[in-house]
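Q: I'll drop the sequence and a predicted model, then ask my questions.
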Amino acid sequence: MSKSVHFIAIGGSAMHNLAIALHKKGYIVTGSDDEIFDPAKTNLAKYGLLPETIGWNSDRIHSGIDEIILGMHARADNPELIKAQEIGLKIYSYPEYLYEQSKTKTRVVIGGSHGKTTITAMILHVLAKMKMDCDYMVGAKLDGFEIMVKLTEEAKIMVIEGDEYLTSPIDRRPKFHLYMPHIAIISGIAWDHINVFPTFENYVDQFRQFINLIDKNGTLAYSSDDPILLKLAQETQTPKHVIGYDIPQHEIDDNGITYLIHNQKKYPLKVFGKHNLSNINGAGEVCQALSISKEDFLTAISDFPGASNRLELIAENESTKVFKDFAHSPSKLKATTLAVKEQFKNHKLVAAMELHTFSSLNSEFLQQYAGAMDSPDVAIVYFNPHTIEHKKLPPITTDQVKQAFQREDILVFTDSEKLKEYLLKLNYEKSNLLLMSSGNFDGVNLKEFGSIICKSSI
């Protein structure tokens with residue numbers, strides 16, 4: 001008889017993908033939520049998993065359910081959760097359930113404040129090219145992969161993007177503390193989630209604990225360019241194999257193509273930027289720990305197209321390229337803007353970023369952005385005061401933002417229509433535009449906007 005699983009808060013990005021993965025595995029899946037938006041709504045409907053009614057209903061919870069999976073969006077006083085607790089049902093958080101599904105597999109966990117999705121995508125790309133079957137969980141929709149979670153009985157490897165955010169409303173541990181990896185990678189540490197980790201030291205300690213949870217005969221690959229991470233790696237006594245990686249030998253030709261160089265052979269890449277090169281080296285260490293040779297890895301990674309929303313080329317003409325990127329934290333802004341500037345040395349760079357996350361809109365954390373937008377020729381910051389109100393944060397001013405970034409000529413907008421008008425008026429002859437946000441500048445279709453920019457600048 002098939003196992004019956006009920007999702008409390010099924011509409012989340014990760015949760016609805018897990019629900020679909022279990023449905024494809026043959027489980028009986030039900031779920032509930034108080035709001036479900038696209039793409040979750042369409043995806044759940046496609047598989048017959050969309051709840052008939054929106055909202056919580058304790059009548060959905062009964063003794064015939066084998067397991068409950070609790071999403072972060074639910075609260076501790078959720079009526080379905082309370083009913084499940086009262087009748088003694090087994091309740092799992094999302095990461096706990098992934099661990100349960102991968103107990104018999106070799107678990108590969110990708111951690112770090114930045115680059116997790118890209119490194120995970122690189123590893124999955126290479127494993128697919130090498131025809132090595134694996135289960136996975138990745139934090140974004142990847143080209144060539146229908147859903148963000150795959151679970152099977154057959155696969156011997158599970159690749160997991162290891163988020164450091166909290167596990168569930170009733171479990172305050174970071175998600176990546178629950179996966180118990182055999183092979184782990186940490187791409188770097190840059191303070192984030194200040195609503196949960198109020199000090200940098202507290203945040204760093206989460207990664208220290210993660211390292212200590214790696215299998216004693218396992219492998220840790222880490223970015224040796226990060227001094228904090230280097231210190232953590234040097235002090236650990238846990239995994240048997242500890243491997244530092246940095247930026248590999250490479251060159252950029254006149255057409256903006258990057259080549260990796262190994263044993264005097266050149267391997268062309270579709271991606272660029274020092275952060276991507278470092279990510280490739282990290283992904284290579286993981287793949288070698290999975291018995292893939294360096295040469296096979298480099299051959300396979302050559303046609304990796306990049307992860308969606310990570311330095312994604314969304315429009316271009318002969319003189320101009322428009323990129324979008326998920327970058328929003330100080331370290332990501334620095335890396336992404338520098339990557340585009342260095343790759344296209346003869347082009348002017350116009351860069352616009354949106355302050356959208358809880359941390360970035362916090363007046364205290366805002367000071368971390370000093371120098372984060374120094375690379376572009378034209379630097380623009382956007383934020384919406386209504387977003388700040390919605391997050392119940394104290395208001396910030398345009399002057400505070402200017403002072404935080406410590407760049408005299410930085411432009412600050414609080415109206416997305418005025419930002420669009422400004423960007424459309426610029427001359428893009430031999431210029432590139434980079435749009436960075438974990439949101440969408442309050443409803444702007446970035447691909448359409450990029451196409452308009454490129455058509456108007458011909």
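A: Noted; the coordinates are in hand.

Q: which of the residues in the helix or strand encompassing Lys420 are buried?
A: Using DSSP states H and E, Lys420 sits in helix 416-425. Within helix 416-425, the residues that qualify as buried are 416, 419-420, 423, counting by 16 or more other CB atoms under 10 Å. (Glycine included, C-beta is placed from N, CA and C.)

Q: Could you look up the next helix or strand downstream of that helix?
A: Per DSSP H and E, the first helix or strand lying C-terminal to helix 416-425 is strand 431-436.

Q: quick one: contacts of that following strand?
A: The contact list for strand 431-436, computed with CB atoms under 8 Å, 6 or more residues apart in numbering, reads 319-328, 332-333, 336-337, 340, 344, 347-354, 376-377, 423, 441, 446, 449-450, 453, 457.

Q: let's go with 6 Å and repeat that
A: Strand 431-436 is contacted by residues 320-325, 327, 340, 344, 347-353, 446, 453 when judged by CB atoms under 6 Å, 6 or more residues apart in numbering.

Q: how big is the angle separating it from helix 416-425?
A: Following axes from the mean of the first three to the mean of the last three CA atoms, to 10 degrees, one obtains 160 degrees for the angle between strand 431-436 and helix 416-425.

Q: And the helices in the stretch 351-458 of the chain?
A: For the stretch 351-458 of the chain, the helices defined by DSSP state H, counting those that start in this stretch occupy 385-390, 398-405, 416-425, 446-456.

Q: Just the CA atoms of the last one, as CSV, please.
A: Which is helix 446-456. The C-alpha coordinates for helix 446-456 follow below in CSV (Å, rounded to 0.1, in the frame of the first residue of the first chain):
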residue,chain,number,x,y,z
LEU,A,446,13.0,41.8,-16.8
LYS,A,447,13.3,39.8,-20.1
GLU,A,448,10.8,42.1,-21.8
PHE,A,449,12.5,45.2,-20.4
GLY,A,450,15.9,43.9,-21.6
SER,A,451,14.5,43.3,-25.1
ILE,A,452,13.2,46.9,-25.2
ILE,A,453,16.6,48.2,-24.1
CYS,A,454,18.3,46.3,-26.9
LYS,A,455,15.8,47.3,-29.6
SER,A,456,15.9,51.0,-28.6
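
Q: picking that back up, out of the buried residues of helix 416-425, which comes closest to Leu298?
A: Closest approach between these and Leu298, by CB to CB: Leu423, at 38.2 Å.

Q: Minimum distance to Gly144: which of the helices of the stretch 351-458 of the chain has it?
A: Going by CB to CB, the one of these nearest Gly144 is helix 446-456, 18.8 Å.

Q: Mind checking the pLDDT average for the closest one?
A: Taken as a whole, helix 446-456 has an average pLDDT of 93.

Q: In that helix, which residues are buried?
A: Those would be 446, 449-454, for helix 446-456 by 16+ other CB under 10 Å.

Q: who's in contact with the lengthiest helix in the chain?
A: Ranked by number of residues, the top helix in the chain under DSSP state H is helix 274-289. Residues from elsewhere that reach helix 274-289 (CB under 6 Å, 6+ apart): 115, 118-119, 122-123, 126, 183, 185, 219, 221, 243, 245, 247-248, 250, 297, 301, 335.

Q: how far is that helix from where the chain is centred?
A: Remark: helix 274-289 is offset 16 Å from the chain centroid, using CA atoms, centre = their mean, to the nearest Å.

Q: Next SSE downstream of that helix?
A: helix 294-301.

Q: and the next helix or strand after that following helix, average pLDDT?
A: Scanning forward in sequence from helix 294-301 by DSSP H and E, the next helix or strand is strand 312-316. For strand 312-316, mean pLDDT is 93.

Q: Partner strands of strand 312-316, with direction?
A: strand 321-325 (antiparallel) (DSSP bridges).

Q: what element comes up after the strand it pairs with heading to the C-terminus?
A: Counting by DSSP H and E, what follows strand 321-325 is helix 330-343.

Q: which residues of the stretch 351-458 of the chain score low on pLDDT?
A: 457-458 (pLDDT under 70).

Q: chain center to stretch 292-310: distance?
A: On CA atoms, centre = their mean, the centre of stretch 292-310 falls 18 Å from that of its chain.

Q: Okay, buried residues for that stretch please.
A: So stretch 292-310, judged by 16+ other CB under 10 Å, has buried residues 292, 297-298, 300-301, 304, 306-307, 309-310.

Q: The spatially most central residue of the chain sits in which helix or strand?
A: Closest to where the C-alpha atoms of the chain average out (CA atoms, centre = their mean) is Thr117, at 4.4 Å. Using DSSP H and E, Thr117 falls within helix 116-129.

Q: coming back round to it: dump the helices of the stretch 351-458 of the chain to JSON lines, plus distance to His177.
A: Shown next, in JSON lines, are those (distance: least, CB to CB, whole Å):
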{"stretch": "helix 385-390", "distance to His177": "30"}
{"stretch": "helix 398-405", "distance to His177": "32"}
{"stretch": "helix 416-425", "distance to His177": "38"}
{"stretch": "helix 446-456", "distance to His177": "34"}
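
Q: and of these, who's closest to Gly12?
A: Closest among these, using CB to CB: helix 385-390, at 18.0 Å.

Q: Now tell me what touches the closest one from outside.
A: So helix 385-390 is in contact with 361, 395, 414, going by CB under 6 Å, 6+ apart.

Q: Pull out the buried residues from it.
A: Buried-residue list, helix 385-390, by 16+ other CB under 10 Å: 387-388.
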